[in-house]
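Colleague: take this sequence and fold it.
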Amino acid sequence: MATLSVKPGQRFTLPDWHTNADFISTDAERQRSTSHQVRQEGRALRNETNNQAKWDEHDNRTRLAERISSVNRWKETLDKCLTDIDAEIEALAKVKEAAERALQAKNLSLDVAIECLTLRESRRAIDVVRDHVEEELHKEVKLIEKAKRELQERVDEAFEQLCLLQEARQQLSFDHRCKMEALEIDRVCLSLSVDSPNISYKVNPTRVPDGTTGLDGWEQNSQGNKENAEAEMKASTKLREETALTIAQTNNALEAQRVATEFAFRKRIRDLERAYDELKWQEQNTLEEIAEMEEDIRRLEEDLRRKMQDLKVAHTRLETRTYRPSMELCRDQVQYGLTDEVHQLEATIRALKEKLAEAQDALSALYRQLHRIQTDMGYKANSLVLDNKCMDSRRKLVVPAEKFVPEVDTFNRTTNRPLSPLKNGQLELA
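Modeller: Residues are numbered from 1 along each chain as shown. Prediction:
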C-alpha cells in the first residue's frame, strides 16, 4: 500500500506567503528609493564641488592677476623713480662740475685784481693815493675770495647729496629687483593648470614662511623707498637751484664789481656800458621767453586738439552705450565715469582756450617789447663803438658766462636775472 511523503520542516500559511511577498516588494522599493536619493545627492555634491572648485580656481586666478597688476604698477613706479633719480644724479653731477669750473675760473679774476694792485704800487709822488680805483680793486679781491668760499661749500654739499642719492637709488634698485622676481613667480603660478607637468603635492603648503610681511608692510616698504628717493631728489633739486643761483650770483657779483672797477678807469663810457649790458641781458632773456612762450603755445594747441579728440571718444562711448538692450541699459559706474569725463574734458577745453588766448596776447606783448629793446640796443652800440677804446689789461676778464656755467641754464634758464639789481648797485659804487 502506497504512503504520502511529507517534507519535514515548518509550514507557512498562505497569508504568511502573501505578507512575505509584500514585504520583499516594499523593501525593494525602499532600497531603490534610498539608492535614488543617494545617487541624486552624489550628483548634487559633484555639481556643487565642481562649481566650487572652478570658482575657487577662478577667484584665485583673478587674485593672482590683480596681484601681478599691483606689483607691476609698483615696478613701473619704481622704474620711473629710478629713471628720475638717475637723471637727478646726472644733473647734480653736472651742476657740481659747473660749480668746480666756476671756482677754478675765479682764480683768473683774483690774479688780475692782484696784478692791478701790484702795478699801481709803482705810482710815484702825489699819484700814490688811495683813490676810488684802489678801493674798488680791494673790494674785488674780497668779493672773489668770498665767492670761492661759497662755491667750495656748494661743491661739498653736492658731493654729500650725491652720496645720499646713490644710497636711495640702491634701495630702489633692490626693491625693483624683488618686484621683478615676485612678478616672475606669480606669472608662473598664474600659468599653472591641471595639465601642467610640474604640479605635485607639497608638504605643508599652507605654512607661513619666516620673514613673511603683511600687505600693509609691503606697501609701506615700497612707499617708504619711493618717498625717501623723492625726498632726496627734492633736496637735490633745491641744492641744484641753490648751486646754480650761487654760481650766477657770484658771476654776476664779480661782473658787477669788474664793471664798477672799470668805471673808475673809464668814467666817460660807464653809463653806456651799463645800459648796453642791461639791454643785452634783457634781449637774451626776452628771446628765451619768446621761444618758451611759442613752444608753450604749440603745446597748448596740441593739448587742446588732443582733449577735443578725447571728448569725441567719450561722446561716442556714451552714445554707443545707449543701445544696450533691455535691463542692460542701466546707469552703471561706467556711465557715471563717462559722464564725469565729458564734463571734465569740456571744462578743460574751455580752460585751455582761455589760457591759449592769454599766451598769444603775452607773446604779442613780448615781440613789441623785444622790438623796443633791440632798437634801444642799436643806439647804445653806436655810442659804445665811438667811446670804448682802452683798458687792455682787463680785457681777458671779459669772458662769456656760458664758458663757466654751460649746464646751469639747462636747469634754470633765468639764472642770470638777478644781474640787473647788481648792475644798478654798481652805479652807486661809482
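Colleague: so what's the residue positioned nearest the centre of the chain up against?
Modeller: Residue closest to the average C-alpha location in the chain (Cα atoms, centre = their mean): residue 84, at 5.9 Å. Listed by Cβ atoms under 8 Å, 6 or more residues apart in numbering, the contact set of residue 84 reads 229, 233. Yep, even glycine has a C-beta here, placed from its N, CA and C like the rest.
Colleague: what's the offset of the helix or strand where it lies from the middle of its chain?
Modeller: Here residue 84 sits within helix 14-120, counting by DSSP states H and E. Average the C-alpha atoms of helix 14-120, do the same for its chain, and the two points are 24 Å apart (Cα atoms, centre = their mean, to the nearest Å).
Colleague: can you name the next helix or strand after that helix?
Modeller: Once the chain leaves helix 14-120, the next helix or strand it forms, by DSSP H and E, is helix 132-191.
Colleague: check which helices and strands that following helix sits against.
Modeller: Other helices and strands packing on helix 132-191, by 3 or more Cβ pairs under 8 Å, 6 or more residues apart in numbering; DSSP states H and E, are helix 14-120, helix 215-265.
Colleague: state the mean pLDDT of the helix holding residue 84.
Modeller: When the per-residue pLDDT values of helix 14-120 are averaged, the result is 85.
Colleague: so which strand or helix has residue 318?
Modeller: For residue 318, the enclosing helix or strand under DSSP H and E is helix 270-321.
Colleague: re earlier: of all the helices and strands packed on helix 132-191, which lies closest to residue 371?
Modeller: Closest to residue 371 of those, according to Cβ to Cβ: helix 215-265, at 26.4 Å.
Colleague: just checking, what packs against that closest one?
Modeller: In terms of contacts (3+ Cβ pairs under 8 Å, 6+ apart), helix 215-265 is packed against helix 14-120, helix 132-191, helix 270-321, helix 408-411, helix 419-429.
Colleague: which of the ones you listed sits closest to residue 366?
Modeller: The minimum distance between residue 366 and the helices and strands packed on helix 215-265 falls on helix 270-321, with 5.0 Å, by Cβ to Cβ.
Colleague: just how off-centre is that closest one within its chain?
Modeller: Using Cα atoms, centre = their mean, the mean C-alpha position of helix 270-321 is found 21 Å from that of the whole chain.
Colleague: leaving out sequence neighbours, find the closest residue to residue 112.
Modeller: Excluding the flanking residues, the one nearest residue 112 by Cβ to Cβ, 6 or more residues apart in numbering is residue 397, at 5.7 Å.
Colleague: buried sites along stretch 301-316?
Modeller: 304, 307, 310, 311, 314 (16 or more other Cβ atoms under 10 Å).
Colleague: sorry, back to before: gap between the residue nearest to the centre of the chain and residue 203?
Modeller: Separation of residue 84 from residue 203 (Cβ to Cβ, to the nearest Å): 45 Å.
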